[in-house]
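Peer 1: Sequence plus predicted model, see below.
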Amino acid sequence: MGRLKELRKYVDARINEMTDADKRTSAIAHLYGVSLAATMIAKKRGLDPEIASMAAMLHDLHAYKTGSYDNHAHLGADLAREILNELKLTDEDETELICSAIYHHDDKLVTDSPMDEVLKDADVIHHCMNDLSKDIKEKEQARYVNLCAEFGM
Ligand SMILES: [Fe+2]
């Protein structure tokens, strides 16, 4: 089994522990949606799509696990590190890339490393394009405009 598939199996099991069916569906849709967007963005920018996709699969897991978004990016990076250390799917550098992307993913108004930016942009794509009838959050507007330009949309 490929390592992305193995990580998804682990994440699916964690999400399936959520008791609220609607929240469970939203969590799965969001993680897989961001994962697909991250793959596309990373490929377009010449970065590792598999690492981008793995970061996306883990990025909001802390919030889903605890039901709280308080400091979820920083706490989520710690949780991702624990999971990656346990699953042994990544080397040290890859673990750093993934945890850094998760750590910074809520800082939508600043620019961080290229892989950090892939996860932020993938998160924004899913927030904005999952339902086009919904308003775009102010802090995501500039990124969304730039992404539409980058992808010729
Ligand atoms: Fe997210």
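Peer 2: In hand now; what should we look at?
Peer 1: For the residue most central in space within the chain, what is the enclosing helix or strand?
Peer 2: Nearest to the mean C-alpha position of the chain, counting by Cα atoms, centre = their mean, stands residue 56 at 2.6 Å. According to DSSP states H and E, residue 56 maps onto helix 49-58.
Peer 1: go on, residue 83?
Peer 2: Element membership for residue 83 (DSSP H and E) is helix 72-87.
Peer 1: just to revisit the earlier point, can you tell me which residues contact the residue nearest to the centre of the chain?
Peer 2: Going by Cβ atoms under 8 Å, 6 or more residues apart in numbering, residue 56 touches 31, 34, 35, 37, 38, 119, 122, 123. The way it works is simple: take the backbone N, C-alpha and C, and place the C-beta from them, glycine included.
Peer 1: looking at it, residue 101 is touching residue 121, isn't it?
Peer 2: No: applying Cβ atoms under 8 Å as the test, residue 101 and residue 121 come out as separate, 10.7 Å apart.
Peer 1: and the two? which has more neighbours close in?
Peer 2: A direct count of neighbours by other Cβ atoms under 10 Å for residue 101 and residue 121 places residue 101 higher, at 31 against 26.
Peer 1: ok now the strand or helix carrying that one, how far from the chain's centre?
Peer 2: Secondary structure from DSSP H and E places residue 101 in helix 92-104. Mean-position distance between helix 92-104 and its chain equals 11 Å (Cα atoms, centre = their mean, to the nearest Å).
Peer 1: Can I get it in CSV? Just the C-alpha atoms.
Peer 2: Provided in CSV are the C-alpha atoms of helix 92-104 (Å, rounded to 0.1, in the frame of the first residue of the first chain):
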residue,chain,number,x,y,z
GLU,A,92,12.9,13.6,9.1
ASP,A,93,12.9,16.3,6.4
GLU,A,94,9.4,15.3,5.1
THR,A,95,8.0,15.3,8.6
GLU,A,96,9.4,18.8,9.1
LEU,A,97,7.8,20.0,5.8
ILE,A,98,4.4,18.5,6.8
CYS,A,99,4.5,19.8,10.3
SER,A,100,5.6,23.3,9.2
ALA,A,101,2.8,23.5,6.7
ILE,A,102,0.2,22.5,9.4
TYR,A,103,1.7,24.9,12.0
HIS,A,104,1.4,27.9,9.6
